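Peer 1: one predicted model, sequence on top.
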Amino acid sequence: MRVKIKSHRGFDSLISEINEVVQSIESDFKNGKINQQSVSRIKGYWIQNLEQRNIALYSKGASKEDIKKSVLDTISVFADGFQFHPADIDTVYWLVSLSILCNVELEDFKLITKIIERDKVQDKLLDYIIKYKQTDWQGDSQKIICSHPYQHLSKIIDTTDEEQGIKLLQDYLKNKWYQEHEENDASWVDSHKYTKANTYFGYWAWETAALVKAKGWDDKKLKDMDYYPYDAVHW
């Protein structure tokens, strides 16, 4: 278990429920039960469930190999069915960051960036971490799509001072990441408190880990901070 906050039902239960949903969706597509008008919505729901499974697996303490397999499943559906909207930026940050941390093959990673390029997603944070993995990536945006909380990462992207960068990350993790998601009414905030629904998959600021890996910084001062997925940086 990698989380300090425990869920009411446990991550194994959530992962099992997600697997049932995913299998049902796969079966419905295979058997032609999805009408054309619902395809985009259902695929979006499919991707959402797969991403939550990825994170729940990490939260419960699963291995890199198990998480990577789940991430590759997510990439496959993402490449076939994702259509970007600014409200979906967390989905993209999570998948790009986890793919980097799991060290998926470049060929698979490019299935994600092909969609980002197709949908003309221009975002400074995405461009920076993508270039770490895909060195020929041409994106060079200076704007961050969702300012709260992600605008705080702009200075970290720009700095070459490791000590200052780590201090900024500490402040981001302690005072900004969860708090500003809460202000924005992110659907997953406080999900650990829910008793009627099993939706808590763990709280992790994946973009911070991807940034640290891209920067090559020593992250020992971040190791015990809430929301920082330290293990994923050191697989």
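Peer 2: That came through fine.
Peer 1: mind listing the helices for this protein?
Peer 2: All helices of the chain, identified by DSSP state H, fall at 11-30, 39-60, 64-81, 89-101, 106-118, 124-133, 147-150, 154-158, 162-171, 177-183, 206-215, 230-233.
Peer 1: which one, of those helices, ends up nearest to residue 198?
Peer 2: Nearest to residue 198 among these is helix 11-30; the distance by Cβ to Cβ comes to 5.2 Å. (Each C-beta comes from the backbone N, C-alpha and C, glycine too.)
Peer 1: would you mark the buried spots in that closest one?
Peer 2: With burial defined by 16 or more other Cβ atoms under 10 Å, the residues of helix 11-30 counted as buried are 11, 14-15, 17-18, 21-22, 25, 29.
Peer 1: so which of the helices of the chain is nearest residue 141?
Peer 2: By Cβ to Cβ (comparing all of the helices of the chain), the closest turns out to be helix 124-133, at 5.0 Å.
Peer 1: neighbouring contacts of the closest one?
Peer 2: Contacting residues not belonging to helix 124-133 are listed as 92-93, 96-97, 99-100, 106, 109, 113, 116, 137, 139-144, 150, 153-154, 157, 207, 210-211, 213-214 [Cβ atoms under 8 Å, 6 or more residues apart in numbering].
Peer 1: can you check stretch 58-70 too?
Peer 2: The contact list for stretch 58-70, computed with Cβ under 8 Å, 6+ apart, reads 1-3, 10-12, 15, 50, 53-54, 57, 98, 102-104, 201-202, 204, 229, 231-232, 235.
Peer 1: try stretch 33-51
Peer 2: Applying Cβ under 8 Å, 6+ apart, the external contacts of stretch 33-51 come out as 18, 21-22, 25, 27-29, 70, 73-74, 77-78, 80-83, 88, 91, 94-95.
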